[in-house]
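>>> coordinates for the following, if possible.
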Amino acid sequence: MMRPGEPLNGGNSGMEIAQSFLFLAKRSNTQRSIQLSSSSGFRYCESSDQRFQFAYRPRYVEAGEKQEASARSTATAVSIVLGDPFEDANPAYRDCMGNAVPIACDLSRKFLELRTSIVGLPPVFLLEDSEVLVLTSDLHLLRHVRGLQLRFDLAGVRELGHVGHPIGFHTLFRNVRLVPGGIALEVDAEGKLSEKTAWTFRQDRPSEDWPRFLEQQIAAFQQAARAMDVGNSFLSLTAGLDTRAILAELIQTHRLLPAFTMTGNTLSLDARLARDLAAACGMKHEIIFCSEEFRLRLPELVREASRLSGGLASIGQAPQVFLYQKVGGGYTGRVSGYLGNQVGRGGAEKLSNRSADPVILDPEVRRASDSFAQGHWFQRGTGQGGAPDYQFLLQQEVPFSSVGNYNVGNHFVVEQSPYASRTLIELLPQRPPMRKDDRPVSVLQRRLNDLRHRFLGEPMTHSFQRTRIAHLGGPAATCPINWGWRAKGGISPGGILLGAFTFVDAVAISRGMEGGLSGNSSGPAGIFGLHDYRRPKMWLDLGLKSFLFDVLSSQKLRESNLFDFDAVQRILQEHFSSGNKHYKALVFALDLALAQETFSAVL
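Next up, the predicted model:
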């Protein structure tokens, strides 16, 4: 039997890197089948009785090779990997890696097996009913399964509104779930599915030796950074600690990559610091502005964001689609600080709930989901001594909050990060405790800790990233990080001043002043608009008014049992004709309406 990691089709090369895949196993005499267009760029193969069908889009295509899905492959054994398989060289890690999913499909024997990554990203989605079992990396590929009708999942819908994304491995659609991280999954010749745990945290005792622990983390980080193939990648450069540590390693190994940074109409703090850092390092750097072109293209960008994110985000992921389109198709990888927050210091990706008013939903839908838990779901992820439950953090908080964003990026390039190292991840339970008492850390305390990190940084004695950057020296150690501190120690007076303005700008936006203190992102000396280039409220008002009315007033939405059409029309009129704004409810409605339209979903 072919195993993940063996050469593809009996050749002498390793597993082929794939951008996406779609697998279907028929359990009955159904008409459902994979139907791909001839220009989709997928390679397609099937079993002799057509009960097993497998299609994948390769990351790398040889020059001159035709990308026609209609040309069926004669191969009976397919071995691919999704994501970045930089750990594939280690046989002990091949079955369960930090940022890759090995998949082996033997069509002659009608057998498939895969191993999800430790954190469940790249994602593997599972749909099953009495007729078929479908596995895919991208929910939009389910549209290529003939006769498949997606239905909304009430829990997923309410979680999208309250939290901002489904939790509990839900998706927006019934009978479709996200396969957890660290799972070995097999499908037999009858289409039966078996799952078992392939990886879990070892129950190591926390170390009491911080210097020794940091040495282990630094060694694992170095090894991962050097193992990544970044020959055709770009660096997503920000002002944060996570990408700064990566840049320091790239400089050390003489692998300076082209870098890109996003900003709004004016230069955000991130863009300013990234620009100065890139100039000091002598690296190629381009700033992508979300300005007039972005606003003019918003309708097409939000549709594409909805499709690629699996219906989870429209305007929220539109800037990411814009970034990749501006960068162009010349790159195959993107290096970023993905997982740096969690692995580097036990932080969370997102703490604020969306808390959108469910008034846009049909009353029957609201009543059917009244039992939905309204508390902050992240609180359950705190262990003893206030320390985070690392398994919860990595296998629930990461995939739930990041799956939409990850899918958007992974459509264009391979997502690469040295923090997605199994060796580095497995060190987390050994992290010495930061607190001596057993009181849980509240969400408020986590927010205060985040502010401290932005202004003052992590203690050198507790941060392998800061320790490593300071040791290597150079611009990475001296240029300000976040809101004014330096990795080598001390603060930058100018950086602290900009950080203070950034903080005030952030507070102004949180109080409803979407343009920040400037109102229109154009303050004195250009100092405003520093906090975040993402201005969904402003984009909604300035670039999407007509689009919103078209989408939210459509006949299809009127006939839907999902929405309260009269309530949607009322908040639309109030929002644009009076001072009674309904940003959260409107974006929630837009996300759901585009998901319904894109995926032809029904209740």
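>>> report the central residue of the protein.
With distances taken as C-alpha atoms, centre = their mean, Tyr406 lies nearest the centre of the chain, 2.8 Å away.
>>> roughly how far does that residue sit from Pro180?
In this view, Tyr406 and Pro180 are 15 Å apart by C-beta to C-beta, to the nearest Å. No exception for glycine: its C-beta is placed from N, CA and C like everyone else's.
>>> could you pull out the helices for the stretch 151-300 of the chain?
When secondary structure is read from DSSP state H, counting those that start in this stretch, the stretch 151-300 of the chain shows helices at 154-162, 210-227, 241-252, 269-281, 292-296, 298-308.
>>> contact partners of the shortest one?
Just to be clear, that refers to helix 292-296. Outside helix 292-296, the residues that touch it by C-beta atoms under 8 Å, 6 or more residues apart in numbering are Leu301, Ala318, Pro319, Phe322, Trp539, Leu542, Gly543.
>>> and the lowest-mean-pLDDT helix or strand in the chain, what other elements does it pack with?
When each helix and strand of the chain is scored by mean pLDDT, DSSP states H and E, helix 443-456 comes last, with a mean of 74. Applying 3 or more C-beta pairs under 8 Å, 6 or more residues apart in numbering; DSSP states H and E, one finds that helix 443-456 contacts helix 493-510.
>>> relative to helix 443-456, how tilted is the helix it packs on?
Helix 493-510 runs at 150 degrees relative to helix 443-456, counting by axes from the mean of the first three to the mean of the last three C-alpha atoms, to 10 degrees.
>>> following helix 493-510, which helix or strand shows up next?
Sequence-wise, the next helix or strand downstream of helix 493-510 (DSSP states H and E) is helix 536-543.
>>> relative to helix 298-308, how tilted is that following helix?
On the basis of the same axes, to 10 degrees, helix 536-543 is oriented at 130 degrees to helix 298-308.
>>> pull the residues that contact helix 536-543.
Among residues not part of helix 536-543, those counted as contacts by C-beta under 8 Å, 6+ apart are 295-296, 298-299, 315-316, 318, 514-515, 521, 548, 576, 581, 583, 586-587.
>>> can you rerun that using 6 Å?
The set of residues external to helix 536-543 that reach it, using C-beta atoms under 6 Å, 6 or more residues apart in numbering, is Arg295, Leu298, Ile315, Glu514, Tyr583.
>>> hmm, Ser117 and the residue nearest to the centre of the chain touching each other?
No - the criterion here is C-beta atoms under 6 Å, and Tyr406 misses it with Ser117 at 10.7 Å.
>>> quick check: which ranges of the stretch 251-400 of the chain have low pLDDT?
Along the stretch 251-400 of the chain, the parts satisfying pLDDT under 70 run over 369-388.
>>> how near is Ile118 to Gln396?
When C-beta to C-beta is the yardstick, Ile118 and Gln396 sit 12 Å from each other.
>>> which of those two has more neighbours?
Legend: neighbour count by other C-beta atoms under 10 Å for Ile118 and Gln396, higher for Ile118 (28 against 22).
>>> which ones are touching the more buried one?
By C-beta under 6 Å, 6+ apart, the contact set of Ile118 is Gly98, Gly181, Gly182, Trp199, Ile425.
>>> check contacts around the last one.
Think Ile425. Counting by C-beta under 6 Å, 6+ apart, Ile425 touches Gly98, Ile118.
>>> how far does the helix or strand hosting it sit from its chain's centre?
Remark: Ile425 resides in helix 422-426, with elements defined by DSSP H and E. Distance of helix 422-426 from its chain centroid, counting by C-alpha atoms, centre = their mean, to the nearest Å, is 19 Å.
>>> again, but for stretch 170-185
Relative to its chain's centre, stretch 170-185 lies at 15 Å (C-alpha atoms, centre = their mean).
>>> hang on, the earlier thing: from the contacts of helix 536-543, which single one is nearest Phe464?
Set against Phe464, the nearest of those by C-beta to C-beta is Ile315 (36.5 Å).
>>> isn't that closest one right up against Leu301?
No - counting by C-beta under 6 Å, Ile315 stays clear of Leu301, with 8.4 Å between them.
>>> how is this structure partitioned into domains?
In the domain annotation for the chain, the residue ranges read 8-197, 210-431+441-539 (automatic domain parsing).
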